[in-house]
Every structure is written in C-alpha cells, then in structure tokens.
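S.K.: Give me a model of this one.
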Amino acid sequence: MRSTTIRDVAAAASVSIATVSRALSSPELVAPATRDRVRSVARELGYHSSRSGRFASADARTIALLVPDLENPFFGQVAKGVQARARSDGLLVAVCDTDEDPMLERAVLETVVSQVDALILCSPRGPDETILAAAAQLPTALANREVEGLPSVQFDEDRGVTASLRHLVALGHRRIAYAGGPPASWTQRRRSSAVRRFAAHHPECRVLDLGPFQPYLSGGAGAAQQAIDAGVTAVVAFNDLLALGIIGHLTQQGLRVPEDMSVSGIDNVAAATHVRPHLTTVDVPRVQMGRTAVDLVLGAMRRESPPAPQKLPAELIVRDSTAVAPAPVAGAHAPTAVAPAPAAATPTSHAPLPAPPLTST
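M.R.: Here you go, the predicted structure:
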C-alpha cells in the first residue's frame, strides 16, 4: 500500500500543494480555517511531513539551489560556494538545472517548494512575479538577480563592463561591439544598460550592439561573424564562454586575436587561462556569491528583515586577448549603434573617462 503524499492531502482538502506545505511547516502564513482543515485531513489520511515544525527555525536541512545551466562553469562555482557554506551549518543542498528555460524553471519551483526548506535562485530567468510567488511559500534568497523585497547578492555589473570598455578605449579602439547574452537574463539587461551609459558619455566611439546570443561557445560563431561584418576592432562578450567562442570563430576565419580584433569576456572562468591567447576578462567572486547567498537565506529562515542588496566587486584582469587597435578597415557595414540612455543624452563632458588601475596577469 502506497504512502499518503502531500498531493493526496491537497486534493482531499481542496487546496494547492503549496498551501498544504505552508499549513504544515509555516502555519502562521495560512488562514486559521484553512490551516485547521489541512491539518485535519493530514491526520485522517495519515500523512506525516518530515518538515513540519522545523521551518520557523534555522535548523532546516535542505536548500534548493536553482541555476540556469550547470554546464556553464560560472554556475558550478556559485554552487561550490553554496554547498561549502551550507555544509558548515549542517544543511543539504539540492541543485536543480533549469536549462535556460523560464517555463522549466517555473515547473521546477512548483515541484520543489513542497520538498525543501528554503530556496536560492541563481540568475533566475523567470519574471519577478514567479520569483515572488515562490518566496511567498519558502524563505528565498537571490544570487545574480535583484527583486524588490527579497535578500539578494550580485556583482557590480556597471563597474565591470565600464572597466572593459575603458580599457579598450585606452588602447585606441573606436569601433567596439557588445555581444549580449540571453534576453531573459536580468544580468544581460544590466550589462546592456551599462554599455548604453558608456556610449552616451563617449561620443568619440561607435559602440555597436550585436544583439543577443546564447551564452555558450557555440554562440560565439554568430557573434564573431557579425563583428567581422561590422568592421569593429574589439568585442566585449556577455561572458567568457561566448568570448572564447568568438575567438575560436575569428581564428577559423583567418583573423588573429588580438592583432586583428581584441576580445574580452566576463566571469574569469578557469578556461580563460587555458587557451591562447589568454582571455582578458572581468573577475567576479563566484564562490563568495554562493556563500553570501546562503547567509542571506539563513537570515530569511530566521525571519529577519531583508538587508539592502549585497554588491560584490568586479575587477578587470588584462591578459593577451586585447591589444592596441589595428588600422580601421574601410567599407565595412555597421549595425545600428547603441542608443544612449535618455537621462544621459547630453553628456556634461566629451572627454574620455579616466581609466581605472588595471590588474595584469
């Protein structure tokens, strides 16, 4: 005879699975009449939740960590940080890969809320409404994403992107392209906004938006070809995997990096120094992000008020994939330049911003 499940209780009580979960593990969040009905049905059906009564303390045993793509080493490093910090507090971590799919992400959330004690959502692709709905059921912290009212940790996107662009300008590049990431990515929107702000303050440069690409090596072929067609001398990629894919395609087309085109990325994954040329990139403390996310979700489990969004530093590391700009190529077709942000349409100064100190390796 099979055991009674939470789904059986939900059906018998005419409520959702999420309501059953709240009624048994966080009863103060459920209307008294509903709570009493759910508990009565659970007793009648002989349902026993291993999580009942533990949720209101920091003694919960399992955190679900949702990431868009475990094949991307960025998320693997965040997961390492989450697991190391959680282990030190006696917590287990269940890692869920949502395959860069907002619909799959939502389905996974709907499934795990009845099986774990807290959530860490790293770079979630779904809308704020989906995230807030999950956070209404379980203590939730965000990594690499910000939603008002929820504890979150992120990188200083503006500093990282701006440092990359300033570096290229300092090398004499005046036709620079940005190869963006997936449209559903909150990080992509932040980085694209940083590019626009930079373009608004540097009218001496033509900063081009090559459009969105999948953040994998395979996405680099299309981005590289568009960069070639546009006649740019440098490309800033959404992440290192895309940047490495761009370098690979440029090489296949007989172009040299950085002599013919400079390429930089963001993340500083291990592969950045295992290729030739070594990749110029923005270093972001991914393991620290994971550890911080656990601290934030523990605070949420203790019902502490969410602190202001935590912002981690992002530092440019200059390697071999960027160099002095080559002579411009005549006759290249260029896509539409990035439109300046409205608030910065009239910059106060047309002089290039001073370049910050750069770290070389």
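
S.K.: what's the spacing between A10 and L296?
M.R.: 30 Å (CB to CB, to the nearest Å). For the C-beta atoms, the positions are set from N, CA and C on the backbone; glycine is no exception.

S.K.: Among these two, which residue is more densely surrounded?
M.R.: When A10 is set against L296 and neighbours are counted by other CB atoms under 10 Å, the residue ahead is L296, at 25 against 20.

S.K.: Next up, the contacts around that one.
M.R.: 141, 151-153, 306-307, 310 (CB atoms under 8 Å, 6 or more residues apart in numbering).

S.K.: Export stretch 242-254 to PDB, keeping only CA atoms.
M.R.: Extracted C-alpha coordinates of stretch 242-254, given in PDB (Å, rounded to 0.1, in the frame of the first residue of the first chain):
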ATOM      1  CA  LEU A 242      30.800  33.400 -25.500                       C
ATOM      2  CA  ALA A 243      34.100  35.300 -25.700                       C
ATOM      3  CA  LEU A 244      36.000  32.000 -26.200                       C
ATOM      4  CA  GLY A 245      33.600  31.000 -28.900                       C
ATOM      5  CA  ILE A 246      34.200  34.400 -30.700                       C
ATOM      6  CA  ILE A 247      38.000  33.800 -30.600                       C
ATOM      7  CA  GLY A 248      37.500  30.300 -32.000                       C
ATOM      8  CA  HIS A 249      35.500  31.600 -34.900                       C
ATOM      9  CA  LEU A 250      37.800  34.500 -35.600                       C
ATOM     10  CA  THR A 251      40.700  32.100 -35.800                       C
ATOM     11  CA  GLN A 252      38.800  29.800 -38.200                       C
ATOM     12  CA  GLN A 253      38.300  32.800 -40.400                       C
ATOM     13  CA  GLY A 254      42.000  33.500 -40.500                       C
END
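
S.K.: residue ranges of the strands in the protein, please?
M.R.: For the chain, the strands defined by DSSP state E occupy 62-67, 92-97, 118-122, 140-143, 152-155, 175-180, 206-212, 234-237, 262-267, 280-283, 310-312, 315-318, 359-360.

S.K.: closest to R197 out of those?
M.R.: Go through those one by one with CB to CB and the one that ends up closest to R197 is strand 206-212, at 10.4 Å.

S.K.: Let me see the mean pLDDT of the closest one.
M.R.: Averaging the model's pLDDT scores along strand 206-212 yields 94.

S.K.: Next: stretch 149-169.
M.R.: 96.

S.K.: Pairing-wise in the sheet, spell out the partners of G180.
M.R.: Partner residues in beta bridges with G180, using DSSP bridges, are P212.

S.K.: any idea how far it is from F213?
M.R.: Counting by CB to CB, the gap from G180 to F213 is 7 Å.

S.K.: likewise N239?
M.R.: Using CB to CB, one obtains 10 Å as the distance from N239 to F213.

S.K.: Pick out whichever of the two has more residues nearby.
M.R.: Using other CB under 10 Å, the more surrounded residue of N239 and F213 is N239, with 28 against 25.

S.K.: Neighbours of the nearest residue to L208 once chain neighbours are set aside, how many?
M.R.: In space, and not counting its chain neighbours, L208 is closest to A177: 4.5 Å by CB to CB, 6 or more residues apart in numbering. Around A177 there are 30 other residues, counting by other CB under 10 Å.

S.K.: Mind pulling the model confidence for A177?
M.R.: Looking at A177, its pLDDT reads 98.

S.K.: mind checking how far it is from R159?
M.R.: With the distance defined as CB to CB, A177 ends up 20 Å from R159.

S.K.: Let me see the contact set for the closest residue to G219 other than its chain neighbours.
M.R.: Using CB to CB, 6+ apart and skipping residues adjacent in sequence, the residue nearest G219 is F213, 3.8 Å away. Contacts of F213 were listed using CB under 8 Å, 6+ apart, and they are 179-182, 219-220, 222-223, 238, 242.

S.K.: mind running it again at 7 Å?
M.R.: The neighbourhood of F213, defined by CB atoms under 7 Å, 6 or more residues apart in numbering, consists of 179-181, 219, 222-223, 242.

S.K.: What of L241?
M.R.: Residues counted as contacts of L241 (CB under 7 Å, 6+ apart) are 72, 215-217.

S.K.: What of A270?
M.R.: Contacts for A270 (CB under 7 Å, 6+ apart) come out as P73.

S.K.: While we're on it, how confident is the model there?
M.R.: With respect to pLDDT, A270 scores 93.

S.K.: And it, how far from A170?
M.R.: A270 is 27 Å from A170, where distance means CB to CB.

S.K.: cool, Q137 as well?
M.R.: 49 Å.

S.K.: Of the two, which one has the most company?
M.R.: Neighbours per residue (other CB under 10 Å) separate Q137 from A170, with Q137 holding more: 21 against 15.

S.K.: you'd agree that one is up against T19?
M.R.: No: because the distance of 8.8 Å does not satisfy CB atoms under 7 Å, Q137 is recorded as not touching T19.

S.K.: if we can go back for a sec, let's see if you can find the most crowded of the contacts of L296.
M.R.: Highest neighbour count within those: A141, with 29 neighbours (other CB under 10 Å).
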